[in-house]
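Undergrad: Task: produce atomic coordinates for the following.
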Amino acid sequence: MQPVTGADPRNLFGQVPFMRLLEARREFSEGGRARLVIDARAELGNVIGAVHGGVLVTLLDVAMASAAVSLFGFARTAVTLNLNTSFHAPGRGRLTADGEVVQHDASVAWCRATVSDEAGRVVAQAQGSFRYLPLPQAA
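TA: Here you go, the predicted model:
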């Protein structure tokens with residue numbers, strides 16, 4: 001695998017192969033907040049006919065990391081140090097992940113995020129910490 005690089009770091013999200021596979025869309029990422037949206041489809045399902053928990057964790061993780069990097073104008077990337085997730089309800093239909101930075105310093109951001117369904121019900125929540133790293137450079 002090769003790192004994802006590009007001229008505009010704000011557009012790297014859309015170039016990440018896994019995000020493209022999930023068809024996740026970033027609605028915004030600015031000022032320490034971010035929102036991702038995904039539409040449930042059969043390929044993302046689990047045995048009970050809901051979106052697989054791994055997809056939900058990915059949404060939570062990426063929403064928090066996107067919120068974290070927005071604080072530095074996308075001049076850095078952020079990698080997950082820890083992630084604690086709670087599942088509350090099956091995820092069905094359009095799912096929205098909202099992430100926010102709770103606190104940060106020059107090297108670490110502490111964040112929280114929620115995934116909600118179209119009716120506004122909380123499907124999953126998480127909190128995590130993220131280490132800031134330099135953006136990868138093209139080979």
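Undergrad: Kindly confirm my reading that Met19 is in a helix.
TA: Yes: using DSSP: H, G, I helix; E, B strand; the rest coil, the assignment for Met19 is a helix.
Undergrad: now it: how far from Arg92?
TA: 21 Å (C-beta to C-beta, to the nearest Å). Using the backbone N, CA and C atoms, a C-beta is placed for each residue, glycine as well.
Undergrad: Looking only at neighbour counts, state which of these two leads.
TA: Met19 (20 against 17; other C-beta atoms under 10 Å).
Undergrad: Please report the distance of that one from Asp105.
TA: Taking C-beta to C-beta, one finds Met19 at 27 Å from Asp105.
Undergrad: got it, and Gly54?
TA: 30 Å.
Undergrad: Could you do Arg41 as well?
TA: Separation of Arg41 from Asp105 (C-beta to C-beta) stands at 39 Å.
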